[in-house]
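K.L.:
Sequence and predicted structure are below.
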Amino acid sequence: SVPASITSAISAGTRRGLLIKGGGALETIGSVKTVAFDKTGTLTAGKPRVTDVLGLGLDRTEVLRLAAAVESGSSHPLAHAITQAAQEGQIRVPAATDAQALPGKGATATVEGRALSVTSPRHAATLTTLDPELSRAVTAFEEQGRTAVVLLEGATALGVIAIRDEPRADARAALARLRDLGVHTVMLTGDNARTGQAIARNLGLDVQAELLPEDKLRLIAELGAQGGVAMVGDGINDAPALAQSDVGIAMGGGTDVALETADAALLQERVTGVADLVALSRATMGNIK
Ligand code: ADP
Ligand code: MG
């Protein structure tokens with residue numbers, strides 16, 4: 001049977017918004033060597049907003065109009081930012097057909113008979129050579145910790161959209177506390193290296209960027225073999241990584257996928273909850289031993 005101290009620790013966690021789905025999860029969280037974090041929606045608020053739009057031979061409204069059409073069927077946070085910006089600009093967005101997600105890369109669709117896509121600059125670079133002006137703009141945005149995406153028609157770049165997602169207010173302090181607990185922290189992101197490094201430097205953790213979904217799974221498996229790993233994610237796109245880790249921690253109770261896949265959830269959406277879980281686990285297991 002489950003020791004009473006574990007049951008009471010789980011109850012104590014629940015009262016503080018730390019949902020722990022069993023004694024095994026509580027036991028493991030305090031012993032992992034590494035905590036890996038998803039970026040968007042986990043270390044950041046997950047409410048990205050468009051800050052800049054640049055067109056090459058077309059105006060900004062047109063770039064947003066076409067990009068929003070491509071993204072209208074996508075549930076990606078970047079897609080939301082783009083469709084929201086078009087809405088706020090009162091731009092009439094045309095219908096898209098054949099909409100398709102390119103996981104970790106972007107989205108494509110046919111709009112007004114044109115084959116369009118909105119992708120990472122890295123993916124765009126596999127299709128075309130970016131104009132120097134667009135390329136410089138991309139670099140500058142990324143050095144500021146923003147995410148740049150490229151609007152393409154076939155293999156021709158039409159424009160760039162910069163998107164900013166604010167770090168969560170408590171992220172920096174929470175990561176420092178995890179370090180004080182002797183836990184190694186790393187951000188795993190599909191975003192480009194410059195953006196990832198700018199954000200990681202600001203928050204104070206290691207970073208692995210430009211990861212495709214399968215790269216994240218491989219890294220989680222490696223970290224698991226090297227002393228154990230907890231993965232913290234918001235469940236959008238990272239249910240497999242949560243499942244692959246020794247302890248999957250969902251940021252928030254928002255998505256059913258996250259709640260189903262994860263071993264624990266941070267109902268208050270604070271990064272600090274991860275450090276609280278580690279401390280609660282160690283205190284509880286220390287009492288039992
Ligand atoms: P993250 O690890 O931050 O959740 P993803 O793996 O979801 O990132 O995406 C990685 C990159 O692929 C994004 O930074 C973006 O450049 C591009 N991308 C993915 N989906 C989309 C989309 N719907 N629209 C535009 N770009 C996208
Ligand atoms: Mg994500």
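P.N.:
Structure's in. What do you need? Ligands and ions are numbered 1, 2, ... in the order given.
K.L.:
which SS class is the closest residue to ligand 2 within the stretch 1-150 of the chain?
P.N.:
With C-beta to the ion as the measure, residue 40 is the residue of the stretch 1-150 of the chain nearest to ligand 2, at 4.3 Å. (Glycine included, C-beta is placed from N, CA and C.) Of the three states, residue 40 takes helix under DSSP: H, G, I helix; E, B strand; the rest coil.
K.L.:
So it sits against residue 165, correct?
P.N.:
Yes: using C-beta atoms under 8 Å, residue 40 is in contact with residue 165, at 6.1 Å.
K.L.:
ok, the residue of the stretch 1-150 of the chain closest to ligand 2 - contacts?
P.N.:
Residue 40 sits next to 46, 48, 77, 165, 189, 191, 234, 236 when contact means C-beta atoms under 8 Å, 6 or more residues apart in numbering.
K.L.:
can you list residues touching both of residue 40 and residue 165?
P.N.:
Here residue 40 and residue 165 have 46, 48, 77 as joint contacts, going by C-beta under 8 Å, 6+ apart.
K.L.:
List the ones among those that fall in helices.
P.N.:
Among those, the members found in helices (DSSP state H) are residue 77.
K.L.:
close to ligand 2, is the helix or strand harbouring residue 218?
P.N.:
Using DSSP states H and E, residue 218 maps to helix 213-225. No: judged by C-beta under 5 Å from the ion, helix 213-225 makes no contact with ligand 2; its nearest approach is 9.5 Å.
K.L.:
Report the residue spans of the stretch 151-289 of the chain with pLDDT below the cut-off.
P.N.:
Filtered on pLDDT under 70, the stretch 151-289 of the chain yields the residue ranges 236, 253-255, 258, 289.
K.L.:
now swap in the stretch 1-150 of the chain and tell me
P.N.:
Using pLDDT under 70, the flagged stretches of the stretch 1-150 of the chain are 1.
K.L.:
Enumerate the residues of it near ligand 2.
P.N.:
38, 40.
K.L.:
OK, contacts around the residue of the stretch 1-150 of the chain found nearest ligand 1?
P.N.:
Closest residue of the stretch 1-150 of the chain to ligand 1, C-beta to the nearest ligand atom: residue 120 (3.1 Å). For residue 120, the contacting residues are 105-106, 149-150, 190-192, by C-beta under 8 Å, 6+ apart.
K.L.:
now, which of those lie within strands?
P.N.:
Of the contacts of residue 120, the ones assigned to strands by DSSP state E are 106, 149-150.
K.L.:
Please produce a markdown table containing those, extended by neighbour count and distance to residue 114.
P.N.:
Formatted as a markdown table, those follow (neighbours: other C-beta atoms under 10 Å; distance: C-beta to C-beta, whole Å):
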| residue | neighbour count | distance to residue 114 |
| --- | --- | --- |
| 106 | 25 | 16 |
| 149 | 28 | 17 |
| 150 | 27 | 15 |
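K.L.:
ok, these vs residue 178, which is closest?
P.N.:
In terms of C-beta to C-beta, no member of these lies closer to residue 178 than residue 149, at 31.1 Å.
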